[in-house]
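Trainee: Any chance you could fold what I've pasted below:
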Amino acid sequence: MTSITGYTTAKSGSLQKILLRTFIIYAVITVIPLAPAFYQQDFDAGFSVKGYPYRWIDVISQNNPWFFSSQGGKNYEGWFITLLICLAIGTAWAFIDKLRHKEQNALGTQGGENKLYNLFFIMVRYQVALRMSWFAIAKVFPVQMPFPTLSQLNTNLGDFTPGKLYWLTTGVSPFFEVFAGIFELAATVLILFRRTATLGALMMIAILLPIWFVNIGYDAGVELASLHLLFLSLALLAKDAGNFYTILISHRQAAIDYIQPPAFSKQWKRATRIVLKAGFIFAFLLYRGYHYERLYAAGKTFKLPLDKGVQSFTGLYDVSEFKLNNQILPYAPNDTVRWQNVVFEKFNTISIKIAKPFKLNTQNKIRTTEYYGNIGRLFYGYKADTVKHVLTLKNRADTTEVVTLNYTVPSPGRFILKGLVHKNDSIYVALNRIEKDYPLAVKRNANVKGD
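Mentor: Numbering: from 1, shown residues only. The predicted model follows:
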């Protein structure tokens, strides 16, 4: 049951007016990029906007408030300070409005409050849809949490952080990822329309509450991002808090309020509202969905390198012989110099298992998915000159480290690598391909093999 009404009444209290203005300010400063770092970033390095122009939509969706990424995504202090600042400004705004409207009648004041609530209702709904549309589409076409790579399948379980492990186990089940994406997409669409916004907000809370707990429990690094959207979804239901209590606790009949759209007197304003809404749905849902489907069909994801590797190189290789400065180093599990095995991914990454001490990287960013949250392997991007038989390796984590190796292929499945590392140390590495099946890939029927 719904009733058509405004949010405020002539009897609306001072606290209600202060909170309304506080949430408007909060909605504005958390959707408009205010941090200088946003404009200073290399958008192509982070989002590949040159090769994939539609990724500018993702830049907008993933524009995060300053407190999201600081302190490993757990800057609750920064979030709370932001809320207090918004509350202070909202209080001052309400006080000034009270002085300005002292002479006005109650009806005129109520009309102004309803316009403010309409502004809040629009901004919060569209901010939630703006951010959740990316998560939803990236799950419907499962590229957000890709299936584990060959390198990850050959990394010791204990070398992963809990957050990375959760990420990988979700990627193991595309069915679950797609199901979650459909649920998120349905909530996003519902929240865009006024008559279904309450249902959409309820679905968002059902989605975001466990996501927030997962991020806390697994230390997945985006606690505040999920809490922020959960907070906004709860704010959308604030107008119906009394009605929910009446229905769920008092077991009496009540009507959920329907917030009417702005009553524009001019035709061009009404037409502009419709065009803007249609444009948002087209750009952030339909256009993005089309391109993400093509990306998934091509077997790619923005979470991993987009450049293809040499297909015939792909696989897991055992290091059968390793020489440093012409001295043979026999296998030893704790040797911090000798390579233990090597993986050539289907994209242009080579990873090397080695027992050296690693500094754990916990920054889950777009281009760190391979090496964030795990240790035990070095990751290099590579370019192969298949005519001169030269591999140029660039460290994914430390791009200043570049290694050039000559290679030969004495027989199928066997590599010989030679070159200089650390500027003046010569290495000789003999690699033998290992044929290996992975039980994780059996149900998925994925072509993930070591051969």
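
Trainee: show me where the stretch 351-451 of the chain has strands.
Mentor: Secondary structure of the stretch 351-451 of the chain by DSSP state E, counting those that start in this stretch: the strands cover 377-385, 390-395, 402-411, 414-421, 425-434.

Trainee: Between strand 402-411 and the second one, find me the angle.
Mentor: Spelled out, that is strand 390-395. With axes from the mean of the first three to the mean of the last three CA atoms, to 10 degrees applied, the angle from strand 390-395 to strand 402-411 works out at 140 degrees.

Trainee: on that earlier part again, mind putting the strands of the stretch 351-451 of the chain into TSV with distance to Gly51?
Mentor: Glycine gets a C-beta too; all of them are placed from N, C-alpha and C. Shown next, in TSV, are the strands of the stretch 351-451 of the chain (distance: least, CB to CB, whole Å):
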stretch	distance to Gly51
strand 377-385	16
strand 390-395	18
strand 402-411	23
strand 414-421	30
strand 425-434	31
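
Trainee: out of the ones you listed, nearest to Leu15?
Mentor: Minimum separation from Leu15 across the strands of the stretch 351-451 of the chain (CB to CB) falls at strand 377-385, 53.4 Å.

Trainee: my guess is Ala283 is in a helix, correct?
Mentor: Yes - secondary structure of Ala283, determined by DSSP: H, G, I helix; E, B strand; the rest coil: located in a helix.

Trainee: Report the buried residues of the longest helix seen in the chain.
Mentor: Taking DSSP state H as the criterion, the chain has its longest helix at helix 106-140. Of the residues in helix 106-140, those with enough neighbours to count as buried (16 or more other CB atoms under 10 Å) are 109-110, 113-114, 116-118, 120-140.

Trainee: Toward the C-terminus, what is the element adjacent to it?
Mentor: Using DSSP states H and E, the helix or strand that follows helix 106-140 in sequence is helix 150-153.

Trainee: list the helices and strands the following helix or strand past that following helix packs on?
Mentor: Stepping forward along the backbone from helix 150-153, the first helix or strand reached (DSSP H and E) is helix 162-172. For helix 162-172, the packing partners by 3 or more CB pairs under 8 Å, 6 or more residues apart in numbering; DSSP states H and E come out as helix 174-191, helix 197-218.

Trainee: Do a quick rundown of the helices in the stretch 301-450 of the chain.
Mentor: Under the criterion DSSP state H, counting those that start in this stretch, the stretch 301-450 of the chain contains helices at 439-442.

Trainee: Mind checking the strands of the stretch 351-451 of the chain for the one nearest to Gly309?
Mentor: Between Gly309 and the strands of the stretch 351-451 of the chain, the shortest separation by CB to CB is 7.2 Å, and it involves strand 377-385.

Trainee: so where is the stretch 251-400 of the chain shaky, pLDDT-wise?
Mentor: Judged against pLDDT under 70, the low-scoring parts of the stretch 251-400 of the chain cover residues 364-367.

Trainee: what's near enough to touch Arg377?
Mentor: By CB atoms under 8 Å, 6 or more residues apart in numbering, Arg377 lies in contact with Ser151, Thr155, Val343, Ser351, Ile352, Lys353, Ile354, Tyr371.

Trainee: bridging residues for it?
Mentor: Applying DSSP bridges to Arg377 gives these bridge partners: Lys353.
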